[in-house]
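Peer 1: Have a look at this prediction, sequence included:
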Amino acid sequence: MTEEERPVDYTPDDDLVQPFLIERTGIRGRYVRLGSVLDTILQRADLPDPVASLLGELVALGSLLGSTLKYDGIFTLQVKADGALKTMVSDMTSSGSLRGYVGYDADAVSQLRQEVGDQPEDIVEWLGEGYMAFTVDQGENSERYQGMVELQGPRLADSLRHYFRQSQQINAGILVAVSRTEHGWRGGAMLLERLPDSTKGDVTDILEEDWRRALILMSSCTEDELVDSSISAERLIFRLFHEDGVRVFDPQKLDSNCRCSREKVLNVIRSLPEDQVRDLSHEDGSVTMKCEFCNTDYHLSPQELDMLLQGTGTTES
């Protein structure tokens, strides 16, 4: 996507990634604001509030990180852990489609809610030990990139900061917030990057005092402001960084389209041994498979299943 400077009166909607540049220092940043897209993802699975909140943070962070990369495919941010929450996945296509999934122990989550409440203050309580993985998949003919970092508390953003610092040699400032409002779930995240100069390869081209100042200015942004639908992305960025001059660029729109389909489900069934498929069937011989991301059920009648396994027909309907 070409980043073009926008007119000062341009006001983007929700569900976007807004790139910007602090002109005096050359520090680059991005602001993600999620409204109906995040609400759709979190409401599909009817999640307990603390579980939804943590998944919402992962979706916001995945959007933030995925939007910084140049790729044509799928960026995935995944957490594997041994606590009440076992698996969290957020992925983003290069065109801006988001999905999210969480696997958790319902009994353990219920117990935790009684002990610590509904607002996750420390991911260790909910996730235990584990890791965060980053994957860029550009298709069968391209090499898959993958990075990994151990979970660092107390917030998911701390793991991202640690990854930038240890694996990418990049200093990063990250804010993230998710809240459930009367209008549904909302999320916001902001990233500042202290990148090496492309010609000198030296991060000291951005003075330490300028970097600290940018982080202090960003930290003045409250969690409520990050998710506030009444403040445009440009206005929030201007409020934070206008003293040093700030330029905004063309935003990337985000949506919540799932990539599942009936044909993909059929391909999965075709790839399984027949006895394993039969084990999955109901008493009447039918099979129902659910997409873990969007909660859509795909049902095959006994007759359709027999035809599929025998290779005598397809079930496209």
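Peer 2: Great, that's in hand.
Peer 1: can you list the weak-confidence ranges in the stretch 1-150 of the chain?
Peer 2: Scanning the stretch 1-150 of the chain for pLDDT under 70 picks out the ranges 1-12, 140-142.
Peer 1: just so I have it, where are all the helices in it?
Peer 2: 36-44, 49-66, 106-116, 123-127 (DSSP state H, counting those that start in this stretch).
Peer 1: residues of the first one that come out buried?
Peer 2: Think helix 36-44. Buried residues in helix 36-44, counted by 16 or more other C-beta atoms under 10 Å: S36, V37, L38, D39, T40, I41, L42, R44. Bear in mind the C-beta positions are built from the backbone N, C-alpha and C, glycine included.
Peer 1: and the two most separated of those?
Peer 2: Largest separation among the buried residues of helix 36-44 by C-beta to C-beta: S36 and R44, giving 12.4 Å.
Peer 1: circling back: comparing the helices of the stretch 1-150 of the chain, which comes out most buried?
Peer 2: Ranked by mean neighbour count, the helices of the stretch 1-150 of the chain are led by helix 49-66 with a mean of 25 (mean count of other C-beta atoms under 10 Å).
Peer 1: Minimum distance to V265: which of the helices of the stretch 1-150 of the chain has it?
Peer 2: Among these, helix 36-44 sits nearest to V265 (C-beta to C-beta), with 17.2 Å.
Peer 1: Turn the buried residues of helix 36-44 into JSON lines, columns for distance to R180.
Peer 2: Putting the buried residues of helix 36-44 into JSON lines (distance: C-beta to C-beta, whole Å) gives the following:
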{"residue": "S36", "distance to R180": "14"}
{"residue": "V37", "distance to R180": "15"}
{"residue": "L38", "distance to R180": "10"}
{"residue": "D39", "distance to R180": "9"}
{"residue": "T40", "distance to R180": "14"}
{"residue": "I41", "distance to R180": "13"}
{"residue": "L42", "distance to R180": "9"}
{"residue": "R44", "distance to R180": "15"}
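Peer 1: Let me know the closest of those to L215.
Peer 2: Using C-beta to C-beta, those come closest to L215 at L38, 25.6 Å.
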